[in-house]
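*Asks:* need a 3D model of the following:
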Amino acid sequence: MYLWVMKLEEARSQFISSWGALGSSWGVSRTMAQVHALLMISEQPLSADEVMEALKISRGNANMNLRALIDWGLVEKLNRLGERREYFQAEKDLWKVATRIAKERRKRELQPVLSILDQVKQIDDAEKSPEEAAAFVHQMDELQQFAQRVDRLFERLDKADEHWFTGLVTRLLRR
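*Replies:* Now for the predicted structure:
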């Protein structure tokens, strides 16, 4: 098999672009994922100006995405003694990155769905069509049970350590 060898800057650029494209799978914007990728592969913390320059994005876009990454727990803000400028550093431990993304998606997506499922099962006019209402409530119960299982899985993932998860995956692959 032939492997294409790249220069470092080309490889960095390719990684940032690919990580950005994957961002939509995690529920984040392409630019937010690109900022995260840039900070993950940077040896030193970067300022917002350095992020702007590297990714060719506006100051507002850089600041908005840096704040969002801080909110997700994927980036931390650092201050250097004697400097007014803020610097940003990404979490580099991929286990922590994955669990933080899962935790944030649980909070933003799964928990609101569970809340909505509770609400829609409260039918006011069920006597008009009891069979239809019963079928609807049954389907909502099924969805809720599934969502609760996924919620518990995310909760376990958040509380678990890396070795527990690796062991679980290994056992599942052996079957």
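
*Asks:* quick one: buried residues of the helix or strand where residue 16 lies?
*Replies:* With elements taken from DSSP states H and E, the one containing residue 16 is helix 8-23. Neighbour-count burial for helix 8-23 flags 12, 15-16, 19-20, 23 (criterion: 16 or more other C-beta atoms under 10 Å). Heads up, the C-betas are built off the backbone N, CA and C, glycines and all.

*Asks:* same question for stretch 108-117.
*Replies:* Neighbour counts over stretch 108-117 (16+ other C-beta under 10 Å) mark 110, 117 as buried.

*Asks:* touching that stretch from outside, list them.
*Replies:* Stretch 108-117 has contacts (C-beta atoms under 8 Å, 6 or more residues apart in numbering) with 27, 140, 143-144, 147-148, 150-151, 154.

*Asks:* now which of those residues would you call buried?
*Replies:* Buried by 16+ other C-beta under 10 Å: 140, 143-144, 147, 151, 154, out of the contacts of stretch 108-117.

*Asks:* number of residues surrounding residue 137?
*Replies:* 15 (other C-beta atoms under 10 Å).

*Asks:* relative to residue 96, how far out is it?
*Replies:* The span separating residue 137 from residue 96 equals 40 Å under the rule C-beta to C-beta, to the nearest Å.

*Asks:* sorry, back to before: among the contacts of stretch 108-117, show me the least confident.
*Replies:* Checked by pLDDT, the contacts of stretch 108-117 have residue 27 as the lowest-scoring entry (75).

*Asks:* surely that residue touches residue 105?
*Replies:* Yes: when contacts are counted by C-beta atoms under 8 Å, residue 27 is listed as touching residue 105 (5.5 Å).
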